[in-house]
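Asks: sharing a sequence plus its predicted fold:
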Amino acid sequence: MTRFFLTQLRYFAAFGLMGITLLPAQAQDTGEPITLGVAAPLSDSAGILGRQLADGARAAAAKPADGQTVEVVEADTKCSAEGGKQAAESFVAMNVSVATGFLCADAIEAALPILTEAGIPTIDVGVRANRLTDRRERTGFLVWRVAPRSDKEAAAAARYLATRWKAEPFGLLEDGSIAARALSDAVRRLLADQGMKPQTIDNYRPAEEKQFGLVRRLERTGVSRFFIAGDRPDVAIIARDAAEIGLALDIVGGEALFDETSDDVPLPDGIVAVAPRIHVPELQDGGPDEGPVAGPQGYFGPAYAATQIAVAAVGQSRETGRPIAEILGDEAFQTVLGPIRFDARGDSDLDLYRVFEWRGNGFVDEIGG
């Protein structure tokens, strides 16, 4: 996979023309409000997540730096290609300076051709598919991403396992789905690069009420440490059935352990999940400090940071006359989640992954990263 996709010549060729187009409107700070487009699914089943995103953007827009005034234009993408297209068209009509948001690949992929043609940069908050930025050299789309790439999960898990189990026998277990197998294979390859080889690799049938056959297989391997790429209910049943036959498992899982599904079988204390943090305690509005699970949740924090970046980039563009896209590609931005810089593909260096341990009724204690 190519890490740097633009030569200096192609970079300036791609953005130089846009700079000529936008320069008259950005040559100086006019004092006019900065208009930002926020695209999110605001209806149907994804509406709760979209509202997290929109609320985060509005919260950041309400606290701009240097006395700026920011106006937010919301558009409901409905998590569909048609919704993304309509959102982009509304942003063009409203003459927004930057578009932020998007949680669904179909929506952003339909929106980007329209936004790019209009010279409107887009900062992605939730779409993680690698292709979004991997194809930017070919498509020329004006897209930057705050969301972690989809391959970040395996990298974070392997990094943690290399520290925790460097000198210990371990195994890999997955539920047979395409996503779980891909995650397990990626973790295996990354660990192999560090000289770590699993003693056993296995899979299981998900959504079973009992997993005694599986745990007896695991017992025969003599291995008790497993990275499991699977859903929370399955991991809970595996841990329960292993404990019933006297097998104490040391289990580490991925982001799927955070998915709230059936609680018929609870996770036991000690299960570890490597996942992006979903709470933003630094944005907690008053009240006592409750640690890493306090504050706004989900996409609120990334949307807040993306809005801060957009406002800062537009402000710099108005002060200096530089195109917004050039500023996004060149500068580091201070945000509530820490400093953020984009690489040549448009991916950010923001690392939201942390290591959490299940205690009591939830992943309540961040133990490392």
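Replies: Structure received.

Asks: any low-confidence regions in the stretch 51-200 of the chain?
Replies: Along the stretch 51-200 of the chain, no part satisfies pLDDT under 70.

Asks: all strands of it, in order?
Replies: In the stretch 51-200 of the chain, the strands defined using DSSP state E, counting those that start in this stretch lie at 70-76, 98-101, 122-124, 143-145, 171-174, 200-203.

Asks: name the residues that touch the third one?
Replies: Identification of contacts with strand 122-124 by Cβ atoms under 8 Å, 6 or more residues apart in numbering yields 98-102, 108, 111-112, 115, 132, 141-147, 306, 309-310, 328. Where C-beta positions appear, they are placed from N, C-alpha and C, glycine not excepted.

Asks: what does the first one give?
Replies: Around strand 70-76, the neighbours that count as contacts under Cβ under 8 Å, 6+ apart are 33-43, 50, 54, 57-58, 61-62, 64, 83, 86-87, 90-91, 94, 96, 307, 311.

Asks: just the buried subset of those residues, please.
Replies: Applying a neighbour-count criterion of 16 or more other Cβ atoms under 10 Å, the buried members of the contacts of strand 70-76 are 34-42, 50, 54, 57-58, 61, 64, 83, 86-87, 90-91, 96, 307, 311.

Asks: narrow the residues you listed to those in helices?
Replies: If you go by DSSP state H, the buried ones among the contacts of strand 70-76 have 50, 54, 57-58, 61, 83, 86-87, 90-91, 307, 311 in helices.

Asks: nearest to F356 among those?
Replies: Nearest to F356, judged by Cβ to Cβ, of those is G50 at 24.8 Å.

Asks: the closest one touches V38, doesn't it?
Replies: No: using Cβ atoms under 8 Å, G50 is not in contact with V38; the gap is 9.4 Å.

Asks: pull the CA atoms of the helix or strand containing I251 into PDB?
Replies: If you go by DSSP states H and E, I251 is part of strand 250-253. Output of strand 250-253 as PDB, limited to C-alpha atoms (Å, rounded to 0.1, in the frame of the first residue of the first chain):
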ATOM      1  CA  ASP A 250      -7.000 -14.400  29.100                       C
ATOM      2  CA  ILE A 251      -9.100 -12.800  26.400                       C
ATOM      3  CA  VAL A 252      -8.500  -9.700  24.300                       C
ATOM      4  CA  GLY A 253     -11.000  -8.500  21.700                       C
END
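
Asks: strands paired with the helix or strand just after it, and their directions?
Replies: Downstream of strand 250-253, the first helix or strand assigned by DSSP H and E is strand 272-276. Using DSSP bridges, strand 272-276 pairs in its sheet with strand 250-253 (parallel), strand 353-359 (antiparallel).

Asks: which outside residues touch strand 272-276?
Replies: Contacts for strand 272-276 (Cβ under 8 Å, 6+ apart): 148, 153, 156-157, 160, 251-255, 257-258, 352-358, 363, 367.

Asks: so who does A154 touch?
Replies: A154 neighbours (Cβ under 8 Å, 6+ apart): 183, 186-187, 190.

Asks: leaving out sequence neighbours, find the closest residue to it.
Replies: Nearest residue to A154, sequence neighbours excluded (Cβ to Cβ, 6 or more residues apart in numbering): A186, at 3.5 Å.
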